[in-house]
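Student: The sequence and its predicted three-dimensional model are supplied below.
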Amino acid sequence: MTHTGITRRRTLAATAGVTAAVSLGSTGLLASPAAAAPAAPAVPPQPAGNDALKEALRRARERNRRIFTGRPSANGWEMQKVADVDGGDIATRSVPGTGLRVAVRTGAPETLLLHVVRRFHYEVDALGVDGEPDALSGWVPPATVRDGRLPESNRASGTAVVIRPGSYPPGVRGGFTAAQQLVIRDILADTEGLVRWGGDDRRAYEGLFHLAVRPGDARLERVADRLRAWDETPGLGAGVLPDVTQPARRRRAARFS
């Protein structure tokens with residue numbers, strides 16, 4: 001803590017001194033100059049403390065200017081200029097079981113998006129096999145965003161990933177079979193619709209998966225906690241191959257389509 005005035009101990013000492021002086025004065029012991037105690041030196045100002053605080057605030061503001069844009073992507077999450085830096089919310093994470101790494105927003109968004117990628121890898125089409133390049137992409141700098149109103153702008157806020165960016169171009173449909181789409185819908189149901197597939201957007205982008213809710217949505221932590229619990233429970237979570245054709249699972253998927 002930075003102290004710019006008298007400390008508590010000094011305050012108590014000063015108070016005690018004043019009380020004693022008043023008591024002595026009432027008895028006449030301070031009536032003559034000889035009996036008077038010398039005045040205590042004034043407490044000098046401590047500009048160093050203020051300077052240190054100002055410098056810390058200046059550095060914090062400069063760091064924020066380097067990281068944050070103050071502008072949201074299409075889903076309302078703030079776009080960030082850089083990833084993998086202290087004070088930022090976007091970091092590169094390993095995707096368990098795939099050998100892949102991707103930059104995403106940490107916390108609940110990370111949990112949901114990585115769950116989607118893992119199930120896609122296990123059940124739709126294996127990613128990164130035999131050294132496949134560019135199998136997965138996440139965060140991109142905001143300067144590369146063509147239109148902040150489009151769902152792919154969510155990549156700049158760390159709330160979207162793209163499967164094989166060069167294989168499923170925006171505006172083109174038909175990249176997945178009916179059976180694969182059935183699995184994709186089952187995966188989205190795991191997130192209770194909090195993650196949206198770009199193939200369902202008006203302008204299709206079938207490689208894109210993005211958060212469909214704004215920051216602060218109470219469902220995010222609840223669903224993320226459930227997915228984390230699945231990962232710690234044998235027989236649940238990504239890597240367990242469910243029968244997505246079961247009527248109950250298809251009805252569940254239909255609720256979030």
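Tutor: Alright, I've got the coordinates. Numbers count the residues shown, from 1 in each chain.
Student: so where do the strands sit in the stretch 1-150 of the chain?
Tutor: Ranges of strands within the stretch 1-150 of the chain are 68-72, 78-80, 90-95, 100-105, 136-137, based on DSSP state E, counting those that start in this stretch.
Student: for these, which one sits closest to Gly198?
Tutor: Of all the strands of the stretch 1-150 of the chain, strand 136-137 sits nearest to Gly198, with 12.9 Å by Cβ to Cβ. Heads up, the C-betas are built off the backbone N, CA and C, glycines and all.
Student: which strands and helices sit next to the closest one?
Tutor: strand 100-105, strand 160-163 (3 or more Cβ pairs under 8 Å, 6 or more residues apart in numbering; DSSP states H and E).
Student: what's the offset of that strand from the middle of its chain?
Tutor: Mean-position distance between strand 136-137 and its chain equals 19 Å (Cα atoms, centre = their mean, to the nearest Å).
Student: Would you list the strands that it pairs with, along with their directions?
Tutor: The partner list of strand 136-137 in its sheet, established with DSSP bridges, is strand 160-163 (antiparallel).
Student: buried ones in the strand it pairs with?
Tutor: If you call a residue buried by 16 or more other Cβ atoms under 10 Å, then strand 160-163 has these buried ones: 160-163.
Student: got it, and stretch 235-253?
Tutor: For stretch 235-253, burial by neighbour count (16+ other Cβ under 10 Å) applies to 237-238, 244, 249, 252-253.
Student: which one of the strands of the stretch 1-150 of the chain lies closest to Ala179?
Tutor: The closest of the strands of the stretch 1-150 of the chain to Ala179 is strand 136-137. By Cβ to Cβ, the value is 21.7 Å.
Student: what is the rounded mean pLDDT of that closest one?
Tutor: When pLDDT is averaged over strand 136-137, the result is 98.
Student: Likewise for stretch 198-207?
Tutor: Along stretch 198-207, the predicted confidence averages to a pLDDT of 96.
Student: Buried residues of it, list them for me.
Tutor: 198-199, 201, 204-207.
Student: where in this protein is pLDDT low?
Tutor: Across the chain, the stretches falling below the confidence threshold (pLDDT under 70) are 1-48.
Student: all helices in it, in order from the N-terminus.
Tutor: In chain order, the chain shows helices spanning 8-27, 47-67, 108-119, 178-190, 219-231, 247-255, with DSSP state H as the criterion.
Student: May I have the second one as PDB, with CA atoms only?
Tutor: Taking only C-alpha atoms (Å, rounded to 0.1, in the frame of the first residue of the first chain), the coordinates of helix 47-67 have been written out as PDB:
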ATOM      1  CA  PRO A  47       5.800  12.400  -3.500                       C
ATOM      2  CA  ALA A  48       7.600   9.100  -4.300                       C
ATOM      3  CA  GLY A  49       4.500   7.100  -3.300                       C
ATOM      4  CA  ASN A  50       2.300   9.200  -5.500                       C
ATOM      5  CA  ASP A  51       4.700   8.900  -8.400                       C
ATOM      6  CA  ALA A  52       4.900   5.200  -8.100                       C
ATOM      7  CA  LEU A  53       1.100   4.900  -8.100                       C
ATOM      8  CA  LYS A  54       0.900   7.200 -11.100                       C
ATOM      9  CA  GLU A  55       3.500   5.100 -12.900                       C
ATOM     10  CA  ALA A  56       1.600   1.900 -12.200                       C
ATOM     11  CA  LEU A  57      -1.600   3.400 -13.500                       C
ATOM     12  CA  ARG A  58       0.200   4.700 -16.600                       C
ATOM     13  CA  ARG A  59       1.600   1.200 -17.300                       C
ATOM     14  CA  ALA A  60      -1.800  -0.400 -16.800                       C
ATOM     15  CA  ARG A  61      -3.400   2.000 -19.300                       C
ATOM     16  CA  GLU A  62      -0.700   1.400 -21.800                       C
ATOM     17  CA  ARG A  63      -1.000  -2.400 -21.400                       C
ATOM     18  CA  ASN A  64      -4.800  -2.100 -22.000                       C
ATOM     19  CA  ARG A  65      -4.200  -0.100 -25.100                       C
ATOM     20  CA  ARG A  66      -1.900  -2.800 -26.500                       C
ATOM     21  CA  ILE A  67      -4.400  -5.600 -25.800                       C
END
